[in-house]
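Asks: Fold the following for me, if possible:
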Amino acid sequence: MFSQKTYTDRRTVLKSSVGKGVILLTGNEESCINFSDNWYPFRQDSTFLYYFGLPQPGLAAILDCESGEEILFGDDLSIDEIVWTGDQPTILELAKSVGVAESRPMSALEKLIGSTMDAGRKLHMLPPYRSAQKILLAELTGWPANTLTDQASLPLINAIARQRNIKTTEEIDEIERAVAITTKMHLEAMKFVKAGMKEHEVAGKVYETAIGMGGQLAFPLILTRDGQTLHNHSHHNVLKEGDMVLCDTGAETSKGYCGDMTRTFPVSDRFTSQQAAIYEIVLQAHTRAVDALKPGMAFREIHLLACAELFEGLKSLGLTKGDTHEAVAAGAHAMFFQCGLGHLMGLDVHDMENLGEENVGYTKQITKSQQFGLKSLRLGRELEEGFILTVEPGIYIIPQLIDLWQSEKRHEDFINYRELEKFRGFGGIRIEEDFLITSSGSRLLGPPVPKSVDEIETIRANVTG
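Replies: Numbering: from 1, shown residues only. Below you'll find the model as predicted:
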């Protein structure tokens, strides 16, 4: 946890920003795997963690914007529970540790919510993303569970997004720790892979590194030779000479802050000529995008800049043709780059995505596109000092997408389908790093991980040689 003052100040800002009414923030409950006492690893709701710092399940809180009153709700453990968990702080002790003077049992929450609504006061709550949250909120408010997302408070969402988007010094330091662990995870993977291994052996090394350095995985590990599948969580393949490994992973610290990086490297000691050519194109797009990071620059424009760089680079291989600007405007680049250039990062690896991308990553002036590829860009708005985000261009050769677009004769003026057939089994390459937006540009977070072809091949030669 951070200091008590950190959480008190955060809540004070939130109440002032919302202005009127009562804010209800709910923590997460334990979630069962296959029977009631066998739980998934617990992860507290990130917004609750941001304002209260308490990682325990079964908590909720009320913030009165007008009176300033704050109450933490939860139930103290019974002796039957203490037998299994050991002695734990009482709810009042937890409350006082983060500057909240009053606690009440969870059973008292429904009455307070009822009296708030009966008095005609505005109840501010967030859109629920777990079934347990939906059930609790439906019971507390009397609103049908399937209407709760529509009942969510936009003033509360906007206030939280404004506050959490700008990272403080202590948050940046914590994210640096997460990225430092992430760096080590990637280096260990790069130095560990040998032909004949299964992907899950390398995945185990990555996970071991995170745990050994006091972290956890920030999201399910992507480690695969089939890098063309953007979120590939399968680890069953045998790695062979000539394959590439795409490793997308990140650590989460004990305070819940995340890192998120990707490297792509050969199983052999060297990339093939085809792999190296594509890799250099992705690296050039990454460099161009990073150079453009600065306050006031719309991230959507940086995304489109990277798309143009990728498309132009692919011309040298005969895979694309025509006017690059027209091709990107038409969405032809999405044959090769189907996702967004990056996303905000903090307590969530995709920060505050549960509050809605359009509320966090966009504005009234810069709205989400519905075009294939561009619609997957999670962040489009103008950058501000204090934002932390990823930059992750890639090239992905997806056979099913080739077949579909070719059958439709889509973008024939921009895509050379005959040459693309030579790359059908290529896979995918992604390069991802984490950046803080500064007053004049950006700063790479964490120790740098090798990303040039020469640097990666030097590491791999020391393993395979």
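
Asks: Just the strands from the stretch 101-250 of the chain, written as ranges.
Replies: When assigned using DSSP state E, counting those that start in this stretch, the strands of the stretch 101-250 of the chain occupy the ranges 102-104, 123-124, 216-217, 222-224, 244-249.

Asks: The last one: partners in the sheet, and parallel or antiparallel?
Replies: The one in question is strand 244-249. Looking at strand 244-249 with DSSP bridges, its partner strands are strand 222-224 (antiparallel), strand 261-266 (antiparallel).

Asks: Determine which of the ones you listed approaches residue 444 most closely.
Replies: For the strands paired with strand 244-249, proximity to residue 444 was assessed by CB to CB; strand 261-266 is nearest, at 10.6 Å. For the C-beta atoms, the positions are set from N, CA and C on the backbone; glycine is no exception.

Asks: Tell me the helices and strands packed up against whichever helix or strand comes after that closest one.
Replies: Per DSSP states H and E, strand 261-266 leads on to helix 273-292 as the next helix or strand towards the C-terminus. Counting contacts by 3 or more CB pairs under 8 Å, 6 or more residues apart in numbering; DSSP states H and E, the secondary-structure elements packed against helix 273-292 are helix 299-315, strand 388-391, strand 394-396, strand 428-430, strand 433-437, helix 453-464.

Asks: I'd like to know how far the nearest residue to residue 293 once chain neighbours are set aside sits from residue 289.
Replies: Leaving out its chain neighbours, the residue that sits closest to residue 293 by CB to CB, 6 or more residues apart in numbering is residue 442, at 3.8 Å. Look at residue 442 and residue 289: by CB to CB, to the nearest Å, they are 10 Å apart.

Asks: what's around the residue nearest to residue 59 when sequence neighbours are not counted, how many residues?
Replies: With sequence-adjacent residues excluded and distances taken as CB to CB, 6+ apart, residue 59 is closest to residue 27, at 4.0 Å. If you count neighbours by other CB atoms under 10 Å, residue 27 ends up with 22.

Asks: Residue 48 too?
Replies: 19.

Asks: between the helices and strands packed on helix 273-292, which gets nearest to residue 161?
Replies: Proximity to residue 161, assessed across those by CB to CB, is greatest for strand 388-391 (13.9 Å).

Asks: Can you report how many residues lie near the nearest residue to residue 395 once chain neighbours are set aside?
Replies: Spatial nearest neighbour of residue 395, chain neighbours left out: residue 336 (4.9 Å); criterion: CB to CB, 6+ apart. Under the neighbour criterion other CB under 10 Å, residue 336 is assigned a count of 27.

Asks: from here on, count from 15
Replies: New numbering, starting at 15: the last item is residue 350.

Asks: Residue 350 reaches residue 407, doesn't it?
Replies: No - because the distance of 10.1 Å does not satisfy CB atoms under 8 Å, residue 350 is recorded as not touching residue 407.

Asks: For these two, list the residues in contact with both.
Replies: Residues touching both residue 350 and residue 407 (CB atoms under 8 Å, 6 or more residues apart in numbering) are residue 324.

Asks: before we move on, back to that, show me the beta-bridge partners of the residue nearest to residue 307.
Replies: When bridges are called by DSSP bridges, residue 456 pairs up with residue 451.

Asks: what sits against it?
Replies: Taking CB under 8 Å, 6+ apart, we find residue 456 in contact with 304, 307, 308, 449, 450.

Asks: Touching the helix or strand that contains residue 85 from outside, list them.
Replies: Under DSSP H and E, the secondary-structure element containing residue 85 is strand 84-87. Residues from elsewhere that reach strand 84-87 (CB under 8 Å, 6+ apart): 25, 66, 73-78, 105, 108-109, 114-120, 122-123, 126.

Asks: Check which element follows it along the chain.
Replies: For strand 84-87, the succeeding helix or strand toward the C-terminus, using DSSP H and E, is helix 93-99.

Asks: counting contacts, what elements does that following helix pack onto?
Replies: With contacts defined as 3+ CB pairs under 8 Å, 6+ apart, helix 93-99 has no helix or strand neighbours.

Asks: After that helix, which helix or strand is next?
Replies: helix 105-111.

Asks: Touching that next one from outside, list them.
Replies: Residues from elsewhere that reach helix 105-111 (CB under 8 Å, 6+ apart): 15, 18, 68, 70, 73, 86-90, 103, 115-117, 119.

Asks: Only the buried residues of that helix, if you could.
Replies: Neighbour counts over helix 105-111 (16 or more other CB atoms under 10 Å) mark 105, 106, 108, 109, 110, 111 as buried.

Asks: How about stretch 169-179?
Replies: Burial within stretch 169-179, assessed by neighbour count using 16+ other CB under 10 Å, is assigned to 169, 170, 171, 173, 174, 175, 177, 178, 179.

Asks: How far does stretch 138-158 stretch from one end to the other?
Replies: Across stretch 138-158, the terminal residues are separated by 16 Å (CA to CA, to the nearest Å).

Asks: Measure how far that stretch is from the centre of its chain, please.
Replies: The gap between the average C-alpha position of stretch 138-158 and the chain average comes to 24 Å, counting by CA atoms, centre = their mean, to the nearest Å.

Asks: Which residues does that stretch contact?
Replies: Under the criterion CB under 8 Å, 6+ apart, external residues in contact with stretch 138-158 comprise 32, 35-40, 42-43, 45, 59, 61, 74, 79, 123-124, 127, 131, 137, 159, 162-163, 165-167, 169-171, 174, 368-370.

Asks: Equivalent analysis for stretch 18-35, please.
Replies: Judged by CB under 8 Å, 6+ apart, the contacts made with stretch 18-35 from elsewhere in the structure are 15, 37, 64-67, 77-80, 82, 84, 111-113, 135-138, 167, 169-170, 173-174, 176-177, 182, 184.

Asks: Which strand residues bridge the nearest residue to residue 365 once chain neighbours are set aside?
Replies: Computed as CB to CB, 6+ apart, the closest residue to residue 365 that is not its neighbour in sequence is residue 358, at 4.0 Å. Each beta-bridge partner of residue 358 is listed here, defined by DSSP bridges: residue 403.

Asks: For the chain, which helix extends over the most residues?
Replies: helix 183-206 (DSSP state H).

Asks: Now do the same for that helix: mean pLDDT, whole number.
Replies: Looking at helix 183-206 alone, the average pLDDT works out to 98.
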